[in-house]
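J.: sequence isn't available, so here's the structure alone:
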């Protein structure tokens, strides 16, 4: 299988679910640790909430068997006041616990979201070439929100329900052991039912995460290529493909609702079965007081209410665990392009570049570059020419460390580029691609790529003037503060290229690489760019990838590539002949 193909994700129910769930939850440890005090305080309130709720039937039993049975209504006031105080304390504690749980949960999710974003920024281009962006957006948005819901609605609530169930079972035994044993006899059926539905729900929610990611990937890709879809009249075909993905997702959701409904019905049935068992015990000759019956019926209701809701909580928790599993898989991906353990910081490069017997392939057995050797001296401008697929763009991707060579080495100022600190190295090498990416932010941010540091406005104006991008800025009344549309769609292709040159010069690299940077520019704009390049490349090393002859006339040397090999080199005049 191609290493660039998206890996097939297994949607079968995982084995040893309990152990795997614990391992997944353990992955949240680093995010929980900074907020453990708030989370612990929230958990410590749960037993108190349980106690205040479990005591309520005791007071009702006392009131029914005492003042109500004996018609001592003035004495009922004391029980009513006690019950009111208990209710106030109970809901006050619940409010405090929910606020603390939400506070801790949202802070944990913020750490997780930011860490995941940082991790995505650390991954190299090989990963992005084989992974649909829609899936990554799903991981960072929908999946993180699912984990947030675990804290807000599922996980903490499960602890609360567990504390309540234990309290109820103990209270039942204290109040009447025989009736408690009748109730306990039904509980194994409850446990079996929960295990049965748990095993099937995990499979469904895992599949839902996969299908939602596929749906988002297709949507993101379709919206990005909407101009092509409309030009080629592919609306009907794409709509049908989207409908098929949506239909598959709908079917999985329907299965999820079916299991949820069946689980709720099963728990309802078991709660009534418990009540029937208690009434049967009384009919068979074990009379009890009316207050005790009322209290036990209330306990049964309190016992099965959280078990009924566990279906929704399972939905939340299982969906959260499925999302956490996908995030853990993403976090397990390690960047292949990294700084060495004892990386050399690079403050100012001279610009001496050497390729020594470099070979590289994207796919095994299909080399793109074969034993390439070349040398570029400091301040020299060279051009790479050749037909499409000859390896020109791949060569510069190796030079800026988007990839590392399979064989051979690349040296900068006599040192292999893998030995340099990656961040400082890339500050010295700037690539101006065919279609420079612009963000939907201000012109100033698009050029400087920062919004926090103070910007030297005079230098910014000088840079834009050098590459003739000042005309783009002056066209708008708001100047450098003009907000661009997505990918800069409110300016022309040529203007986007001019801003790309301004961005490169602003960062003042020692090596500038032009990857067909003037291929989409009209002749007039190209003349402006050529003038700007002659000025900006003074004292810098320049590498130009080109098809058009006019772009290579002013370089010092030309290398011609074919099928991943350098077939000739020389001056522009020699090569162009």
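T.: Noted; the coordinates are in hand. Quantities reported herein were computed from a predicted structural model and do not represent experimental measurements. Numbering: from 1, shown residues only.

J.: do you know how far residue 438 is from residue 503?
T.: Per CB to CB, to the nearest Å, residue 438 is found 9 Å from residue 503. Backbone N, C-alpha and C define where each C-beta goes, glycine included.

J.: which neighbours do those two share?
T.: Common neighbours of residue 438 and residue 503 (criterion: CB atoms under 8 Å, 6 or more residues apart in numbering): residue 446.

J.: who's in contact with residue 27?
T.: Per CB under 8 Å, 6+ apart, neighbours of residue 27: 324, 328, 331.

J.: which one (most neighbours) among these?
T.: residue 324 (23 neighbours; other CB atoms under 10 Å).

J.: surely that one is in contact with residue 31?
T.: No: checked against CB atoms under 8 Å, the pair residue 324 and residue 31 is beyond contact range at 11.0 Å.

J.: closest to residue 489 out of the contacts of residue 27?
T.: residue 331 (33.9 Å; CB to CB).

J.: show the contacting residues for residue 411.
T.: Contacts of residue 411 (CB under 8 Å, 6+ apart): 352, 353, 354, 356, 417.

J.: for the second one, which non-adjacent residue is spatially closest?
T.: Right, residue 353. Of all residues not flanking residue 353 in the chain, residue 376 sits nearest, at 4.2 Å (CB to CB, 6 or more residues apart in numbering).

J.: same question, the third one
T.: Distances taken as CB to CB, 6+ apart place residue 411 nearest to residue 354, at 4.3 Å, with adjacent residues excluded.

J.: that's a helix at the one you found, yeah?
T.: No: assessed with DSSP: H, G, I helix; E, B strand; the rest coil, residue 411 is strand; it does not lie in a helix.

J.: got the contact list for stretch 343-350?
T.: Contacts of stretch 343-350 (CB under 8 Å, 6+ apart): 378, 412-413, 415, 419-422, 424-425, 427-428, 510-511.

J.: and with 7 Å instead?
T.: Stretch 343-350 is contacted from outside by 378, 412, 413, 415, 419, 420, 421, 424, 425, 428, 510, 511, using CB atoms under 7 Å, 6 or more residues apart in numbering.

J.: any quick PyMOL command for the buried ones out of these?
T.: The PyMOL command for the buried members of the contacts of stretch 343-350 (criterion: 16 or more other CB atoms under 10 Å) is given here:
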select buried, resi 412+413+419+420+424+425+428+510+511
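
J.: just the ones in strands from the contacts of stretch 343-350, please.
T.: 412, 415, 511 (DSSP state E).

J.: is it true that the first one touches residue 353?
T.: Yes: with contact defined as CB atoms under 7 Å, residue 412 reaches residue 353; the gap is 6.0 Å.

J.: what mean pLDDT does the helix or strand hosting residue 196 have?
T.: Element membership for residue 196, per DSSP states H and E: helix 177-224. The average pLDDT within helix 177-224 is 81.

J.: for stretch 92-103, same thing?
T.: 89.

J.: residue ranges in the stretch 451-577 of the chain under the pLDDT threshold?
T.: By pLDDT under 70, the low-scoring segments of the stretch 451-577 of the chain are 451-453, 517-522, 532, 536, 547-551.

J.: show me the helices in it, by range?
T.: Counting by DSSP state H, counting those that start in this stretch, the stretch 451-577 of the chain has these helices, from start to end: 457-466, 470-474, 493-506, 523-536, 572-576.

J.: now the stretch 201-350 of the chain
T.: Going by DSSP H, counting those that start in this stretch, the stretch 201-350 of the chain shows helices at 226-231, 235-283, 290-331.

J.: mind checking what helix or strand follows the last one in sequence?
T.: Remark: after helix 290-331, the chain's next helix or strand is strand 353-363, criterion DSSP H and E.

J.: what packs against that following strand?
T.: strand 366-376, helix 392-399, strand 407-412 (3 or more CB pairs under 7 Å, 6 or more residues apart in numbering; DSSP states H and E).

J.: hey, which of the ones you listed is tucked in deepest?
T.: helix 392-399 (a mean of 22; mean count of other CB atoms under 10 Å).

J.: just the angle between it and strand 366-376, please?
T.: 70 degrees (axes from the mean of the first three to the mean of the last three CA atoms, to 10 degrees).

J.: what mean pLDDT does helix 392-399 have?
T.: 91.

J.: repeat that for stretch 280-297.
T.: 81.

J.: one more: stretch 110-118?
T.: 90.

J.: hmm, back to that, out of the helices and strands packed on strand 353-363, nearest to residue 216?
T.: Using CB to CB, the helices and strands packed on strand 353-363 put helix 392-399 closest to residue 216, at 27.9 Å.

J.: so residue 337 touches residue 124, yeah?
T.: Yes: checked against CB under 7 Å, the pair residue 337 and residue 124 is within contact range at 4.1 Å.

J.: show me where pLDDT drops low in the stretch 1-150 of the chain?
T.: In the stretch 1-150 of the chain (pLDDT under 70), the answer is 1-21.

J.: now with 80, please.
T.: The model of the stretch 1-150 of the chain has pLDDT under 80 over residues 1-27, 65, 67-76, 132-134, 149-150.

J.: can you pull out the helices in it?
T.: 17-26, 29-32, 36-63, 73-122, 125-130, 133-138, 144-149.

J.: give me the helices and strands touching the helix or strand that the last one is followed by, please.
T.: So that's helix 144-149. Toward the C-terminus, helix 144-149 is succeeded by helix 155-175 as the next helix or strand (DSSP H and E). On a contact count with 3+ CB pairs under 7 Å, 6+ apart, helix 155-175 meets helix 36-63, helix 177-224, helix 290-331.

J.: contact partners of helix 155-175?
T.: 42-43, 46-47, 49-51, 53-54, 101, 179-180, 183, 292, 295-296, 299, 302-303, 306, 310, 313, 317.

J.: pull out the buried members of those.
T.: Going by neighbour count (16+ other CB under 10 Å), those have 42-43, 46, 49-51, 53-54, 101, 179-180, 183, 292, 295-296, 299, 302-303, 306, 310, 313, 317 buried.

J.: adding mean neighbour count and distance to residue 169, write the helices of the stretch 451-577 of the chain out as TSV.
T.: Shown next, in TSV, are the helices of the stretch 451-577 of the chain (neighbours: other CB atoms under 10 Å; distance: least, CB to CB, whole Å):
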stretch	mean neighbour count	distance to residue 169
helix 457-466	16	71
helix 470-474	17	73
helix 493-506	23	67
helix 523-536	16	78
helix 572-576	13	88
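
J.: quick one: closest of those to residue 398.
T.: Closest among those, using CB to CB: helix 493-506, at 19.2 Å.

J.: contact partners for the residue nearest the centre of the chain?
T.: Of all residues in the chain, the one closest to the mean position by CA atoms, centre = their mean is residue 140, 2.0 Å from it. Counting by CB under 7 Å, 6+ apart, residue 140 makes contact with 113, 116, 117.

J.: give the buried subset of these as a ChimeraX selection command.
T.: Buried subset of the contacts of residue 140, written as a ChimeraX selection, criterion 16+ other CB under 10 Å:
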select :113,116
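
J.: for residue 385, see how far away residue 504 is.
T.: Distance from residue 504 to residue 385, by CB to CB: 21 Å.

J.: give me the neighbour count for residue 293.
T.: For residue 293, using other CB under 10 Å, the count is 18.

J.: for it, which non-adjacent residue is closest in space?
T.: residue 282 (7.4 Å).

J.: quick check: that neighbour vs residue 264, distance?
T.: From residue 282 to residue 264 the distance is 28 Å (CB to CB).

J.: next: residue 60.
T.: 27 Å.

J.: again, but for residue 494
T.: Noted for residue 494: a distance of 62 Å to residue 264, by CB to CB.

J.: what's the answer for residue 76, then?
T.: From residue 76 over to residue 264 (counting by CB to CB), the distance is 37 Å.

J.: got it, and residue 406?
T.: Distance from residue 406 to residue 264, by CB to CB: 58 Å.
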